[in-house]
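In: prediction below, plus the sequence it came from.
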Amino acid sequence: MPEVPRFDGLRRLLRSFALRTSLGIAAAALLLSLIGAGWGWIRAETALYQELDLLLAGEAEGLIRDYQAIGPEALLDAARVSVRRDALLLILVQTADGQTLAGRIDTAPAALRGYATLRGSGEPPLRALGALLPGGINLVVAAPIAAVEDAARALAWTPLVAACGAGIVALLLGFVGARALERRLASVSDVAGLLTAGDLSRRLPQSGRRDEFDRLVMTVNAMLAKLEMLVTAQRQVTDDIAHDLRGPLQRLRQGLEEALADRTDDPALTVAISELDAVLETFSALLRIARAEAGAVTRRSLDLSALVTSVAEAYGPVADETDRPFTTDIAPGLTIDGDPALLGRMLANLLDNALSHGAGAISVSLQAGPVLTVADEGPGVPMAERDAVLKRFVRLDRSRASPGTGLGLALVKAAAQAHGGSVTLGSAWPDGRGLAVTVDWRVAA
Amino acid sequence: MRILVIEDDAATADYIARGLAQEGHTAEVARTGKDGLFLALSENFDVIVTDRMLPAPDGLTIVRALRASCVMTPVLMLTALGDVDRRVEGLDAGADDYLAKPFAFSEMYARIRALSRRPAATGAASTELIVGTLRMDLLRRVVTRSGTIVDLLPTEWRLLEYMMRHPGHVLTRTMLLEQVWDFAFDPTTNVVDVHVSRLRRKLDGPDGPTLIRTVRGAGYILDA
């Protein structure tokens, strides 16, 4: 597993399902708290104002009773007392037309009747109740509303702060959860990578917590065990066929060879041997494809650039002999984990095809990825038949007359896939002329 | 030459033994791995031919046991198992060459001949190869024919060096692909023929007699 750069890891984490979920939860918590806080603020303020108004009405009633029992002096005394100290209740006594008799409320209008909220510069905001008493006296009682507003604000802020806290906690938990999930899935995808690379004995790891992941892992592992059994069986069949048929074929060939040694001039024997060799070649090619498809390839780190260079160098003079221009563009130092014989044969098949079925210049290109392309200037393969010719025994009508097993491209495909690559047939030029076969090992992002 | 053939299939064992006898060699046949290993350890042979799949011990085990006992007789391993692609496994075990069944007798015989002339592992390597009028100076990297310097490309050099190390022996196309190009596969295209004919043109010049002969249906031979 290559080391994942930090930035990539963060970006991948941000795409993670767990983190997205917790981000959503945090956002929802914040939104709900905002709505709750706003609504709470309005409700609390209304209720507190009502409470304050009741308080003012009660105070006013008490003062009026004193006034009725004792006379104006009671009001004037109370008003003077309210000015002297930092009283909670302010009392202002005025004449009916607004002349101040005692007390002081700077922001009070002349002769206030009923409830009012008083705001003015230099004075804290006040809630006031004014009433005209019998005997031409206007009484105003007032209380600062700062306490009310503070209480309402406090009531509103509490859920907001709690929501912010909850949001942060949700985010942290989301990060932690996402990392845990990421680690758990990383172990799964590591194993899946090995499985794809052909190591079918691997199984996904279980955490032992018997959660939904473990249940999924158990199901997948059961599936993998079945798959391994089938592939092993297929491989065994392949090996059995190889062993059981090659023995008799060997004896058949021996018999023909010995008969030919006695009658060297018998053309029928020569033909029989070469026909048998053709059958054996087809047989070997089929076995090779079956093995590659079953992932039964040796794997060792090898210099793909060197391999491609040496195969291309072997073919260069062959192209030269038939006056076919031959060019190579091979990036050095590209490596791959794989089977040199199978990869060499794959490239040889592509070059054999280019020489026998293609025309004009042949080019071999190997670029970082790695991406291998063999192109020629021949008639190419019609768009509709490009998938078909990668299958076993499928040949184009025009090439039926030329020798070949019809297995060359099928082996190319099996070999490419056994090494985690893909094969595409395209045109060498944009106008559709020529054939370019590309083997691409870049893992789809 | 005295050759030990370890092969459990009677028909194949007879065929190899008869073929070798016709070429004037003595073949000792062992039908089980046990007999084969006993013979290989107790008697002297020029080459050992062993099947890979045998009643125990199998071919790989036999080669390992021989090498562990310091018996360095060249071993050609035959197999019905899979493919030439498996040859690395056989070579790693200590076999000197590997041949997949079914094979032509000429192919097997060419390989036995090539193995029998393997220089001993401890022998001092000569710095010059001489075959007839051809001289190859391995240190100065110069090839001359009758004193005239011949310019060779790296592949041609390797091809000629291998041929000069096995003069007078038939070398098959498959052997050349394996030894000169390190290819464990046969291209459909006549890659070897093209390279040999290029080398031939450079060596022979416009008038000289041909040094590398084609053996029809078998391979090439550099006459000693």
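Out: Now that the structure is in, tell me what you want to look at.

In: would the lowest-mean-pLDDT helix or strand in chain B count as contacting chain A?
Out: Taking mean pLDDT, DSSP states H and E as the measure, chain B has helix B:87-93 as its least confident helix or strand, at a mean of 78. Yes. Helix B:87-93 is in contact with chain A by Cβ under 8 Å from any Cβ of the partner chain, via residue B:88. In short, each C-beta sits where N, CA and C put it, glycine included.

In: that helix: which residues count as buried?
Out: Across helix B:87-93, burial judged by 16 or more other Cβ atoms under 10 Å in any protein chain shown covers B:87, B:88, B:89, B:90, B:91, B:93.

In: one more: stretch B:207-224?
Out: For stretch B:207-224, the neighbour count (16+ other Cβ under 10 Å) marks B:211, B:212, B:218, B:219, B:220, B:221, B:222 as buried.

In: next: stretch A:131-141.
Out: Buried residues in stretch A:131-141, counted by 16+ other Cβ under 10 Å: A:131, A:133, A:137, A:138, A:139, A:140, A:141.

In: between its first and last residues, how far does it reach?
Out: End-to-end span of stretch A:131-141 (Cα to Cα, to the nearest Å): 9 Å.

In: can you give me the helices in chain B?
Out: Assigned helices in chain B, in chain order: B:10-22, B:33-42, B:59-68, B:87-93, B:105-116, B:154-165, B:173-180, B:191-204 (criterion: DSSP state H).

In: got the contact list for stretch A:375-383?
Out: Residues outside stretch A:375-383 that contact it (Cβ atoms under 8 Å, 6 or more residues apart in numbering or on different chains) are A:354, A:357-363, A:365, A:389, A:396, A:398, A:425, A:427-428, A:432-437.

In: cross those residues against strands and list the overlap.
Out: Among these, the members falling in strands (DSSP state E) are A:362, A:363, A:365, A:425, A:435, A:436, A:437.

In: what bridges to the third one?
Out: By that I understand residue A:365. Beta-bridge partners of residue A:365, counted by DSSP bridges, are residue A:329, residue A:373.

In: circling back: so which of the buried residues of stretch A:131-141 is the closest to chain B?
Out: Of all the buried residues of stretch A:131-141, chain B sits closest to residue A:141, with 105.8 Å by Cβ to the nearest Cβ.

In: sec struct for that closest one, please.
Out: Look at residue A:141: counting by DSSP: H, G, I helix; E, B strand; the rest coil, its state is strand.

In: contact partners for it?
Out: Residues in contact with residue A:141 (Cβ under 8 Å, 6+ apart) are A:56, A:59, A:60, A:63, A:89, A:90, A:91, A:92, A:128, A:129.

In: how close does the residue lying closest to residue B:211 once chain neighbours are set aside get to residue B:163?
Out: In space, and not counting its chain neighbours, residue B:211 is closest to residue B:203: 5.4 Å by Cβ to Cβ, 6 or more residues apart in numbering or on different chains. Distance, residue B:203 to residue B:163, using Cβ to Cβ, to the nearest Å: 10 Å.

In: coming back round to it: from the contacts of stretch A:375-383, which would you call buried?
Out: Using 16+ other Cβ under 10 Å as the burial test, the contacts of stretch A:375-383 include A:354, A:357-358, A:361-363, A:365, A:389, A:425, A:427-428, A:434-437 as buried.

In: how about the residues of chain B by chain A?
Out: By Cβ under 8 Å from any Cβ, the residues of chain B that approach chain A are B:9, B:11-12, B:15, B:18, B:22, B:53, B:80-85, B:88, B:101-105, B:155, B:181-185, B:187-191, B:194-195, B:198.

In: count of residues packed around residue A:332?
Out: Look at residue A:332: counted by other Cβ atoms under 10 Å in any protein chain shown, it has 9 neighbours.

In: work out for me the element it sits within.
Out: Residue A:332 is part of no helix or strand when elements are defined by DSSP states H and E.

In: that one: what's it in contact with?
Out: Residues near residue A:332 by Cβ under 8 Å, 6+ apart: residue A:305.

In: phi, psi for it please.
Out: Per-residue torsions, residue A:332: phi -80, psi 160 (degrees, to the nearest 10).

In: hang on, the earlier thing: what residues are shared contacts of residue B:203 and residue B:163?
Out: Counting by Cβ under 8 Å, 6+ apart, the contacts common to residue B:203 and residue B:163 are residue B:212.

In: which one of these two has more residues nearby?
Out: Ranked by neighbour count (other Cβ under 10 Å), residue B:203 and residue B:163 place residue B:163 first, with 25 against 20.

In: ok, the residue nearest to that one when sequence neighbours are not counted to residue B:150 distance?
Out: Once flanking residues are discounted, residue B:163 sits nearest to residue B:222: 4.2 Å by Cβ to Cβ, 6+ apart. The gap separating residue B:222 from residue B:150 is 14 Å, by Cβ to Cβ.

In: any chance of TSV for the contacts of residue A:141, columns neighbour count, secondary structure and pLDDT?
Out: TSV is the format used below for the contacts of residue A:141 (neighbours: other Cβ atoms under 10 Å in any protein chain shown; DSSP: H, G, I helix; E, B strand; the rest coil; pLDDT from 0 to 100):
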residue	neighbour count	secondary structure	pLDDT
A:56	20	helix	88
A:59	19	helix	87
A:60	19	helix	88
A:63	21	helix	87
A:89	16	coil	82
A:90	21	strand	84
A:91	25	strand	86
A:92	24	strand	86
A:128	22	strand	88
A:129	21	strand	89
